[in-house]
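Q: Fold the following.
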Amino acid sequence: MAELSNIVSRFGIEGEVVSIEPLGSGLINDTYKVTTAGDAPDYVLQRINNAIFKDVALLQGNIEAVTGHIRAKLVAAGESDIDRKVLRFIKVKDSGLTYLEDGGKFWRVSVFIPDAYTYQAVNPEYSYYAGKAFGNFEALLADIPDTLGETIPDFHNMELRLSQLIEAVENDAAGRIDGKEDGEANPDDPDHSQEVLDMLEDIDKYGVEMCKAERLHRDGLLPKRICHCDTKVNNMMFDRDGNILCVIDLDTVMPSFVFSDFGDFLRTAANTAPEDEPDVEKIHFNMEIFKAFAKGYIESAGCFLTDVERENLPYAACMFPFMQAVRFLADYINGDTYYKTKYIDHNFVRARAQMTLFHSAMEKVDEMKNFIDSL
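A: Alright, predicted model coming up:
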């Protein structure tokens with residue numbers, strides 16, 4: 001605790017630190033709750049994972065711009081209890097920055113929001129809340145004057161993901177398409193070469209269609225907006241009465257198409273099975289989740305969505321499982337160099353599952369369009 005106490009002491013916090021304890025179970029950043037004495041607020045201390053977020057100055061600049069803009073709007077609207085409705089980051093005493101570099105590690109401190117809760121449930125009720133919250137988040141930022149950077153460049157660029165798959169196929173680094181020479185093959189590595197070829201052919205059929213967003217953007221028909229880019233139910237905070245307080249986990253906030261927030265949520269939430277389900281018969285696209293999320297999203301984002309954005313929301317719901325299938329398959333062909341795997345053909349199973357979800361979503365495009373038109 002001595003090291004963490006030293007880090008915290010360099011930020012302009014109020015009160016005396018009583019304890020610093022691990023908080024949550026995030027996969028990216030190390031997070032701690034800083035409890036203080038008396039009436040001073042408690043705080044959240046995070047070590048920023050700069051292996052993933054390589055430009056910490058850009059990252060924190062984005063977050064400061066976003067939280068500052070939302071805070072100003074809440075003040076102008078006469079909202080009360082604003083520190084519970086938007087995150088507030090504390091500045092380092094000697095630099096005035098909202099992050100601290102110490103021995104190659106990067107840290108930040110924000111005010112802890114008391115009596116606030118997150119939920120893991122993915123059901124129609126919380127999917128509606130998620131749509132409402134993330135649509136409102138985008139709406140609040142639709143007129144932000146700041147220019148934000150991409151914390152993870154080309155994060156949701158479908159054209160780039162397809163080009164990476166093509167490169168993986170050309171290299172066939174793990175011999176999972178044409179096979180390895182005698183004596184090199186791993187007897188424990190199942191031969192999926194024909195299934196991989198079939199999947200590549202299937203991907204090729206839809207590749208041009210799934211790159212629609214990049215083409216629309218180049219033609220000036222699809223704007224980039226400030227999006228959250230990690231739309232999960234547990235990235236919202238609720239008060240004890242079930243009212244949405246704020247959206248959290250802002251590291252991936254950056255310019256993107258609205259399809260990122262819409263499609264990425266549905267890729268996981270509307271899947272009736274885990275993303276690596278080996279039994280494809282269990283994988284379906286859940287329209288009840290889609291309808292709940294779309295209803296909430298359009299209620300709050302409808303004030304700024306263009307006709308092109310709105311009419312292509314079903315495309316977004318299909319594009320994200322397609323993109324993830326492409327990424328899993330490329331990693332499988334490369335020899336599993338990016339995603340952590342639990343068994344030898346895990347990435348192949350993931351890719352097959354995501355393509356199954358993609359096809360299930362494609363079968364429901366007309367139903368999705370009709371529902372959105374009805375809102």
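Q: in this protein, what spans have low per-residue confidence?
A: 25-28, 180-185 (pLDDT under 70).
Q: please redo it, this time with the cut-off set to 80
A: For the chain, applying pLDDT under 80 flags the ranges 1, 24-29, 179-188.
Q: would you list every one of the helices in it?
A: 2-9, 56-76, 124-140, 158-171, 193-210, 212-218, 258-269, 287-301, 307-311, 313-334, 346-362, 365-374 (DSSP state H).
Q: Next, the buried residues of the last one.
A: The neighbour-count criterion (16 or more other CB atoms under 10 Å) identifies 368, 371, 372 as the buried residues of helix 365-374. In this view, the C-beta of every residue, glycine as well, is placed from N, C-alpha and C.
Q: Over to the third one?
A: Burial within helix 124-140, assessed by neighbour count using 16+ other CB under 10 Å, is assigned to 124, 126-140.
Q: Just give me how far it sits from the chain centre.
A: Relative to its parent chain, helix 124-140 has a centroid offset of 14 Å by CA atoms, centre = their mean, to the nearest Å.
Q: okay, the angle between it and helix 56-76?
A: Taking axes from the mean of the first three to the mean of the last three CA atoms, to 10 degrees, helix 124-140 and helix 56-76 form an angle of 90 degrees between their directions.
Q: Show me what helix 124-140 is packed against.
A: Using 3 or more CB pairs under 8 Å, 6 or more residues apart in numbering; DSSP states H and E, the elements in contact with helix 124-140 are helix 56-76, strand 225-227, strand 236-238, strand 244-247, helix 258-269, helix 287-301.
Q: Quick one: closest of those to residue 197.
A: Nearest to residue 197 among the helices and strands packed on helix 124-140 is helix 258-269 (24.8 Å), distances taken as CB to CB.
Q: Now do the closest one against helix 124-140, angle only.
A: 160 degrees.
Q: other SSEs contacting helix 258-269?
A: Counting by 3+ CB pairs under 8 Å, 6+ apart, the packing neighbours recorded for helix 258-269 are helix 124-140, strand 225-227, helix 287-301, helix 313-334, helix 346-362.
Q: if you set the cut-off to 10 Å instead, what comes out?
A: helix 124-140, helix 212-218, strand 225-227, helix 287-301, helix 307-311, helix 313-334, helix 346-362 (3 or more CB pairs under 10 Å, 6 or more residues apart in numbering; DSSP states H and E).
Q: Check which residues of the fourth one are buried.
A: Neighbour counts using 16+ other CB under 10 Å place 287, 289-298, 300-301 of helix 287-301 among the buried residues.
Q: Buried deepest among the helices and strands packed on helix 124-140, which one?
A: helix 258-269 (a mean of 25; mean count of other CB atoms under 10 Å).
Q: Tell me how far that one lies from the chain's centre.
A: Centre-to-centre, helix 258-269 and its host chain are 8 Å apart (CA atoms, centre = their mean).
Q: With stretch 296-303 instead?
A: Offset of stretch 296-303 from its chain centre (CA atoms, centre = their mean): 19 Å.
Q: how about the CA coordinates for it, as CSV?
A: Coordinates of each C-alpha in stretch 296-303 appear next as CSV, following Å, rounded to 0.1, in the frame of the first residue of the first chain:
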residue,chain,number,x,y,z
GLY,A,296,-33.9,2.8,-26.1
TYR,A,297,-31.1,3.9,-28.5
ILE,A,298,-33.4,5.7,-31.0
GLU,A,299,-35.4,7.4,-28.2
SER,A,300,-32.2,9.2,-27.1
ALA,A,301,-30.1,9.3,-30.3
GLY,A,302,-32.9,10.0,-32.7
CYS,A,303,-32.4,13.7,-32.2
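Q: what's in contact with that stretch?
A: Stretch 296-303 has contacts (CB atoms under 10 Å, 6 or more residues apart in numbering) with 124, 126-140, 142, 225, 231, 244, 258, 261-262, 265, 305, 309-310, 313, 371-372, 375.
Q: how about a cut-off of 8 Å?
A: Under the contact criterion CB atoms under 8 Å, 6 or more residues apart in numbering, stretch 296-303 has outside partners 127-136, 138-139, 142, 258, 262, 305, 310, 313, 372, 375.
Q: With stretch 146-163 instead?
A: 52-53, 55, 58-59, 61-62, 65-66, 69, 203, 207, 210-211, 213-214, 226, 229, 251-257, 259-260, 264, 319, 322-323, 326-327, 330.
Q: Would you work out how far apart the start and end of it are?
A: Start-to-end span of stretch 146-163 (CA to CA, to the nearest Å) is 31 Å.
Q: before we move on, what about stretch 78-90?
A: Using CA to CA, the end-to-end distance of stretch 78-90 comes to 23 Å.
Q: got it, and stretch 8-15?
A: Terminal residues of stretch 8-15 are spaced 11 Å apart (CA to CA).
Q: and what of stretch 231-238?
A: This stretch, stretch 231-238, spans 15 Å end to end (CA to CA).
Q: repeat for stretch 252-262
A: 15 Å.
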